[in-house]
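In: How does the following fold in three dimensions:
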Amino acid sequence: MPLYENVFIARQDISGAQVDALADTFTQLIAEHGGEVKKREYWGLRNLAYRMNKNRKGHYVLFNIDAPPPAIAELERTMRINEDVLRYLTIRVEALDEGQSPIMQSRGSREDRPRRSDRDRYGDGREPAGERPPPAGDRPVEQPQPAEA
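Out: Coordinates of the predicted model:
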């Protein structure tokens, strides 16, 4: 059977439990049509690039699917009808990724970043502001001489 990746965005005002229930109904629909959902990832409530139907955020869910084309057609028809689904995208792929998706991998890398402090916000934190050398290429500014009386 062909392999597919499907991502759908659900409205921001439904709860996480409702998103899980929605994903369960889509998984059951695929199973009824002879397919199988190999992997399901909930990416969380994320900001949208632009407003869609008065929503600024959406719940993102990824499916890796092994199913015949009629099952995917029925899945897309159901998503189109469902008012909780803002957008969906289904892509046919040659092979399914077994590990985490890049979105989930980037979530875990936040603790790898160095911690910011107040000093980092207002300067680089290496030397006090008064002792920094002038930038390269700048000429010293000549001070005007006071007028002689």
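In: where does this structure have low pLDDT?
Out: 107-143, 149 (pLDDT under 70).
In: top helix in it by residue count?
Out: The longest helix of the chain (DSSP state H) is helix 16-32.
In: Distance from the chain centre to that helix, please.
Out: With CA atoms, centre = their mean, to the nearest Å as the basis, helix 16-32 stands 21 Å off its chain's centre.
In: tell me which residues in it are buried?
Out: Neighbour counts over helix 16-32 (16 or more other CB atoms under 10 Å) mark 19, 22-23, 26-27, 29-30 as buried. Every C-beta, even on glycine, is put in place using the N, C-alpha and C of the backbone.
In: Contacts for it, please.
Out: With contacts defined as CB atoms under 8 Å, 6 or more residues apart in numbering, helix 16-32 is touched by 8, 10, 14, 36-37, 40, 42, 45, 59, 61, 63, 65, 67, 71, 74-75, 78-79, 82, 84-85.
In: Those, buried ones only, as a PyMOL selection?
Out: The PyMOL command for the buried members of the contacts of helix 16-32 (criterion: 16+ other CB under 10 Å) is given here:
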select buried, resi 8+10+37+40+59+61+63+65+67+71+74+75+79+84+85
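In: Let's see which of the contacts of helix 16-32 end up in helices.
Out: 71, 74-75, 78-79.
In: and residue 98, that one's in a helix?
Out: No. Residue 98 sits outside any helix when classified using DSSP: H, G, I helix; E, B strand; the rest coil, being coil.
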